[in-house]
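**Q** Mind looking at a prediction? Sequence and model below.
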Amino acid sequence: MIRKLTDAYLRAVDEALPGFVERLYVVGSAALGARVPDASDVDTVIVTSRVASPGDLAALAKVHEGMPARPHLDGVYLDRATFDEFPVDRRVVPFVVDGEFRIDKPCGELTPVLWLTLRRYGIRVRGVEVDELGIPVDSAALRRYNLENLRDYWRPLATGVVQAVAQLPADTPVDASGVAWCVLGPARLHYTLAHEDITSKAGAATYLAETFPDWEALAHRAVRWRAGHEESFTAADLRAVARGVDAVVDDAWKRWGDQIAQA
């Protein structure tokens with residue numbers, strides 16, 4: 001399915017903009033061998049021969065409008081010179097998220113995690129082999145990104161979750177996707193901090209069970225739900241998830257926070 005999707009994209013973009021796409025690499029869950037059918041999109045890094053002109057952008061928008069509805073082919077577009085910078089500043093570049101082509105917002109994928117994933121696990125579809133790209137991994141920048149993401153995104157999210165379910169009876173049904181997002185996301189960042197590596201959502205569940213055993217059951221239930229099994233969650237589960245997020249954030253900053261202060 002992955003190669004079928006990328007081949008369909010390359011046929012369409014080559015017809016619309018001959019010579020424009022020079023390289024294409026698959027990253028994300030597909031590169032990690034952890035893609036869940038009907039749940040995971042295919043994430044890519046696309047290197048172009050030039051900075052996209054307004055005409056190029058209009059053509060790309062049409063290409064992505066014509067792509068299959070599921071799975072989405074998501075990704076970030078970088079011209080050759082920008083790619084060689086391996087940017088981590090979440091700058092405004094063309095990108096696709098949930099199948100929607102965007103040109104007017106910062107690209108949240110441009111982080112040290114993207115380059116670590118591409119360097120370690122990227123799959124070449126077009127262009128030179130991944131090990132010829134010379135991708136650097138800045139350990140300090142990677143550590144800072146993960147710690148700050150835990151503090152600035154996940155901690156406030158946990159607080160919001162607690163507020164949202166504060167008045168709900170414990171057995172009130174809640175959205176499973178929110179539980180899965182919150183229980184697995186922070187664990188992936190903690191894993192990267194511990195190992196300077198990337199893990200899948202399923203791998204994060206195993207890691208969470210080993211490192212924070214109080215949340216083992218929730219983590220594995222979340223993975224089962226993502227795989228299409230029948231799992232339901234309640235307000236009590238969401239409260240437990242919020243406590244788990246706080247525990248992961250606290251532990252990460254306790255272990256590695258002083259290292260970014262010294263960097």
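**A** That came through fine.

**Q** for the chain, what helix or strand is lowest in average pLDDT?
**A** helix 28-31 (a mean of 85; mean pLDDT, DSSP states H and E).

**Q** contacting residues around the helix or strand following it?
**A** Next in sequence after helix 28-31, counting helices and strands by DSSP states H and E, comes strand 42-48. For strand 42-48, the external contacting residues (C-beta atoms under 8 Å, 6 or more residues apart in numbering) are 2, 5-6, 20-31, 35, 56, 71-80, 83, 109, 114, 118, 122, 125, 127. Every C-beta, even on glycine, is put in place using the N, C-alpha and C of the backbone.

**Q** Can you flag which of those belong to helices?
**A** I2, L5, T6, G28, S29, A30, A31, D56, R80, F83, L114, L118 (DSSP state H).

**Q** tell me the contacts of the residue lying closest to the last one once chain neighbours are set aside?
**A** It refers to L118. Excluding the flanking residues, the one nearest L118 by C-beta to C-beta, 6 or more residues apart in numbering is V27, at 5.4 Å. Shown in contact with V27 (C-beta under 8 Å, 6+ apart): D43, T44, V45, L114, T117, L118, Y121, G122, I123.

**Q** Of those residues, which pair is most distant in space?
**A** L114 and I123 (14.0 Å; C-beta to C-beta).

**Q** higher neighbour count, the two?
**A** The neighbour count for L114 versus I123, taken as other C-beta atoms under 10 Å, is higher for L114 (23 against 18).

**Q** Bridged to the residue nearest to that one when sequence neighbours are not counted, which residues?
**A** Sequence neighbours aside, V27 is the residue nearest to L114 in space, at 6.6 Å (criterion: C-beta to C-beta, 6+ apart). Beta-bridge partners of V27, counted by DSSP bridges, are D43.

**Q** Which pLDDT value belongs to V27?
**A** On pLDDT, V27 comes in at 95.
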